[in-house]
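Colleague: predicted model and sequence follow; I will ask about them next.
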Amino acid sequence: MNNAKHTPAPWDVSGNEIWGISPWNARFKIATVTMPSPMNAVDWSANARLIAAAPETAAERDRLKEINAELTQVLEELLPYAEQEAQSLSECNKRDGDCEDEMNECNAWIDKARAAIAKARGESEAA
């Protein structure tokens, strides 16, 4: 999925210049990074490399967003099973009194799952 509105990768750095490389291997200048002042210790070539990495960084961000969405969906689908297990452990604890540790651990994992889902969805973690 590439909805980029910028010059597509790859970008290359040569000195303080950032170059795009076309599909037919032609180079074209995208930008020149200038040094704000010769007195500061800014490494303009490091800035140029950072800027040149932008397309790959954006692509990786998009890939990770897709993975996060898939993992969030799986977690949401598994949550009812964990809740069912917690209910069973609660009933066991009421009946036998020896399932409290397992019940508490299961409920802690359920809380963590709910918080992770809320965070992934951009919702408040407070219920």
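Modeller: Alright, I've got the coordinates.
Colleague: give me the helices and strands touching the lengthiest helix in the chain, please.
Modeller: In the chain, with assignment by DSSP state H, the single longest helix is helix 54-96. Judged by 3 or more CB pairs under 8 Å, 6 or more residues apart in numbering; DSSP states H and E, helix 54-96 is in contact with helix 100-120. (Each C-beta comes from the backbone N, C-alpha and C, glycine too.)
Colleague: just the CA coordinates for the helix it packs on, please, in CSV.
Modeller: Taking C-alpha atoms only, helix 100-120 is exported to CSV below (Å, rounded to 0.1, in the frame of the first residue of the first chain):
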residue,chain,number,x,y,z
GLU,A,100,-7.7,-17.6,43.5
ASP,A,101,-4.1,-17.2,42.2
GLU,A,102,-5.0,-18.5,38.8
MET,A,103,-8.1,-16.3,38.7
ASN,A,104,-6.2,-13.2,39.7
GLU,A,105,-3.5,-13.9,37.1
CYS,A,106,-6.1,-14.5,34.4
ASN,A,107,-7.9,-11.2,35.3
ALA,A,108,-4.5,-9.4,35.2
TRP,A,109,-3.9,-10.7,31.7
ILE,A,110,-7.4,-9.6,30.6
ASP,A,111,-6.8,-6.1,32.0
LYS,A,112,-3.5,-6.0,30.1
ALA,A,113,-5.3,-7.1,26.9
ARG,A,114,-8.0,-4.5,27.3
ALA,A,115,-5.5,-1.8,27.9
ALA,A,116,-3.4,-2.9,24.8
ILE,A,117,-6.6,-2.9,22.6
ALA,A,118,-7.6,0.5,23.9
LYS,A,119,-4.1,1.9,23.2
ALA,A,120,-4.0,0.4,19.7
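Colleague: can you give the contact residues for it?
Modeller: The contact list for helix 100-120, computed with CB atoms under 8 Å, 6 or more residues apart in numbering, reads 68-69, 71-72, 75-76, 78-79, 82-83, 85-86, 89-90, 92-93, 124-125, 127.
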